[in-house]
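Participant: mind looking at a prediction? Sequence and model below.
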Amino acid sequence: QVQLVESGGGLVQAGGSLRLSCTASGGTFSSYCMGWFRQAPGKEREFVAAISRRGILTSYADSVKGRSTVSRDNAKNTAYLQMNSLKPEDTAVYYCAAGVFSSPAGMAAGKSDYWGQGTQVTVSS
């Protein structure tokens, strides 16, 4: 059983940056693709970004492409989501996920095995 804990959320002004972290325990971190999702109030959860097991391949939603970078440090069992040029529409609870997929793009469907509890990101205008 893999446990995922997100951190790094908070309140930031539009145009600012945040780095989210997701630390895993209870499993072999490098066995899983890692992904980030978000859910805004009244909306469905949506895919944000994902990274392959070794960190070689990445996948991004069009809404964050060019503004966000997903990365991982397998030695620290941690995945990251660096978000820049934040917009009010980026406001959401951000969740990390872990799963076994042949590519990070496969995580976009949201059928990961493990999920964190989420961290709130609020972007003020």
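Facilitator: Nice, I can see it. Values in this document were obtained by computation on a predicted structure and should not be read as measured data.
Participant: grab the most central residue of the protein for me.
Facilitator: The residue lying closest to the centre of the chain (CA atoms, centre = their mean) is Trp36, at 2.2 Å.
Participant: contact partners for Arg54?
Facilitator: With contacts defined as CB atoms under 8 Å, 6 or more residues apart in numbering, the neighbours of Arg54 are Ser30, Asn74. Any C-beta I mention is one placed from the backbone N, CA and C, and that applies to glycine too.
Participant: can you tell me how far the residue nearest to the centre of the chain is from Ser17?
Facilitator: Distance from Trp36 to Ser17, counting by CB to CB, to the nearest Å: 15 Å.
Participant: before we move on, back to that, which strand or helix spans the residue nearest to the centre of the chain?
Facilitator: Mapping Trp36 onto the secondary structure by DSSP states H and E places it in strand 33-39.
Participant: surely Tyr95 touches Val121?
Facilitator: No. Contact status for Tyr95 versus Val121: not in contact, 10.9 Å apart, counting by CB atoms under 8 Å.
Participant: overlap in contacts of those two?
Facilitator: Residues within reach of Tyr95 and of Val121 at once, by CB under 8 Å, 6+ apart, are Arg38.
Participant: on that earlier part again, specify the beta-bridge partners of the residue nearest to the centre of the chain.
Facilitator: With beta bridges defined as DSSP bridges, Trp36 has these partners: Ala49, Cys96.
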